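K.L.:
here you go, sequence then predicted model.
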Amino acid sequence: MIAIEHVGKRFQARGRTVVALDDVSLEVEAGAFVAFVGPSGCGKSTLLNMIAGIDSPTTGSIRHDGRAVAGVNRHVGYMTQTDSLLPWRTAEANVTLPLELHGMDRTAARARASELLETVNLAGFARAFPIELSGGMRKRVALAQLLAYDPGTLLMDEPFGALDAQLKLVMQQELANIRDRTGKTVAFVTHDLAEAIALADKVIVFSGRPGRIKAMRDIDLPRPRDMFTVRFERRFQELYEELWSMLAPEIRKGEAL
Ligand SMILES: Nc1ncnc2c1ncn2[C@@H]1O[C@H](COP(=O)(O)OP(=O)(O)OP(=O)(O)O)[C@@H](O)[C@H]1O
Ligand SMILES: [Mg+2]
């Protein structure tokens with residue numbers, strides 16, 4: 001479980017103070033899929049960075065599975081907002097990288113990587129370099145890399161943001177299936193409210209900066225969910241309208257700045 005208690009984050013840069021987050025408290029239960037939405041700059045990536053332990057709160061505290069997060073959190077897999085595949089490594093070698101860093105021997109790491117590339121439907125592309133892959137295929141490699149050392153918790157920052165609408169659905173379905181199969185805890189940041197509702201058990205709406213929790217909504221759509229059709233369900237539309245009425249004013253405020 002991830003327990004975020006009264007977390008605030010303030011950045012000091014070039015004589016300017018930016019309050020990114022203010023008094024954020026929430027719990028992500030073990031096995032839950034929680035999606036975060038909110039206007040640009042409201043501190044979503046900052047929050048994931050702090051759960052991953054690569055940044056720390058100015059006030060408040062974060063606990064993960066009962067331990068205070070202090071320093072890099074090795075119990076999470078983190079897919080950051082920018083694609084982090086190494087261009088000089090093949091798809092397979094990118095997937096084995098976190099395993100090598102965890103001290104797994106090369107043969108075992110390669111066996112695991114080929115299993116994972118199969119899971120994300122890239123079995124034939126182990127030897128390809130990132131530049132030889134489409135945007136969607138690169139995201140699949142990043143997904144395989146994220147799953148490589150089998151962390152119990154996944155942090156994903158707008159993982160499908162740059163994909164076209166159709167490919168996005170395919171990737172969402174793959175993530176939903178992997179998650180249903182493995183029961184991993186997921187903290188997922190997105191700008192796409194429909195994506196948040198389709199995937200999550202709970203959606204959290206942030207206000208504009210400083211980011212505060214404006215709404216938390218349990219998503220009571222049954223599982224497994226079909227990403228290609230779930231958005232046509234009446235319940236989905238009700239949830240969408242309710243959450244959009246919370247999110248839209250925050251986005252509008254941002255436009256006025
Ligand atoms: N290392 C840093 N130094 C100074 N300011 C920072 C730093 N990281 C983030 N910020 C500021 O904190 C605020 C929140 O940034 P963050 O990246 O968390 O927003 P976000 O919600 O992820 O936005 P987006 O949706 O555009 O990705 C922004 O105003 C940003 O400029
Ligand atoms: Mg961000």
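P.N.:
Here it is on my side, so go on. Numbers count the residues shown, from 1 in each chain. Ligands and ions are numbered 1, 2, ... in the order given.
K.L.:
remind me which helix or strand the residue in the stretch 151-257 of the chain that ligand 1 sits nearest to belongs to.
P.N.:
Using C-beta to the nearest ligand atom, the closest approach of the stretch 151-257 of the chain to ligand 1 is made by R209 at 5.6 Å. For every residue, glycine as well, the C-beta is placed using N, CA and C. For R209, there is no enclosing helix or strand under DSSP states H and E.
K.L.:
which ones are touching it?
P.N.:
18-20, 39, 41-43 (C-beta atoms under 8 Å, 6 or more residues apart in numbering).
K.L.:
among these, which ones are in strands?
P.N.:
18-20 (DSSP state E).
K.L.:
where does the stretch 51-200 of the chain dip in pLDDT?
P.N.:
Within the stretch 51-200 of the chain, no range satisfies pLDDT under 70.
K.L.:
re earlier: just the buried ones from the contacts of R209?
P.N.:
Among these, those scoring as buried are 20, 39, 41-43 (criterion: 16 or more other C-beta atoms under 10 Å).
K.L.:
could those be laid out in CSV, adding pLDDT and distance to M171?
P.N.:
Converted to CSV, the buried ones among the contacts of R209 look like this (pLDDT from 0 to 100; distance: C-beta to C-beta, whole Å):
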residue, pLDDT, distance to M171
A20, 96, 28
P39, 95, 24
G41, 93, 25
C42, 95, 24
G43, 96, 25
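K.L.:
and the residues you listed near ligand 1, which?
P.N.:
With C-beta under 6 Å from any ligand atom as the criterion, those include 20, 41-43 near ligand 1.
K.L.:
possible to save these as TSV with distance to P57?
P.N.:
Listed next are those as TSV, based on distance: C-beta to C-beta, whole Å:
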residue	distance to P57
A20	10
G41	18
C42	16
G43	11
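K.L.:
spell out which parts of this structure neighbour ligand 2.
P.N.:
Residues of the chain lying near ligand 2 by C-beta under 5 Å from the ion: 45, 81.
K.L.:
can you give me the helices in the chain?
P.N.:
44-51, 91-101, 106-119, 135-147, 165-182, 193-199, 234-256 (DSSP state H).
K.L.:
so for the protein, the centremost residue is which one?
P.N.:
M156 (1.6 Å; C-alpha atoms, centre = their mean).
K.L.:
can you show me the CA trace of stretch 90-108 as CSV?
P.N.:
Listed next in CSV are the C-alpha coordinates belonging to stretch 90-108 (Å, rounded to 0.1, in the frame of the first residue of the first chain):
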residue,chain,number,x,y,z
THR,A,90,18.4,-3.6,-28.7
ALA,A,91,14.8,-4.1,-27.5
GLU,A,92,16.0,-7.2,-25.6
ALA,A,93,19.0,-5.5,-24.1
ASN,A,94,16.8,-2.6,-22.9
VAL,A,95,14.6,-5.1,-21.1
THR,A,96,17.5,-6.9,-19.5
LEU,A,97,19.0,-3.6,-18.2
PRO,A,98,17.0,-3.4,-14.9
LEU,A,99,17.7,-7.1,-14.4
GLU,A,100,21.4,-6.7,-14.9
LEU,A,101,21.3,-3.7,-12.4
HIS,A,102,19.6,-6.1,-10.0
GLY,A,103,22.5,-8.5,-10.4
MET,A,104,20.8,-11.2,-12.5
ASP,A,105,23.1,-13.2,-14.7
ARG,A,106,23.0,-12.6,-18.4
THR,A,107,21.5,-15.9,-19.5
ALA,A,108,18.7,-15.7,-17.0
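K.L.:
thanks again, I'm all set now.
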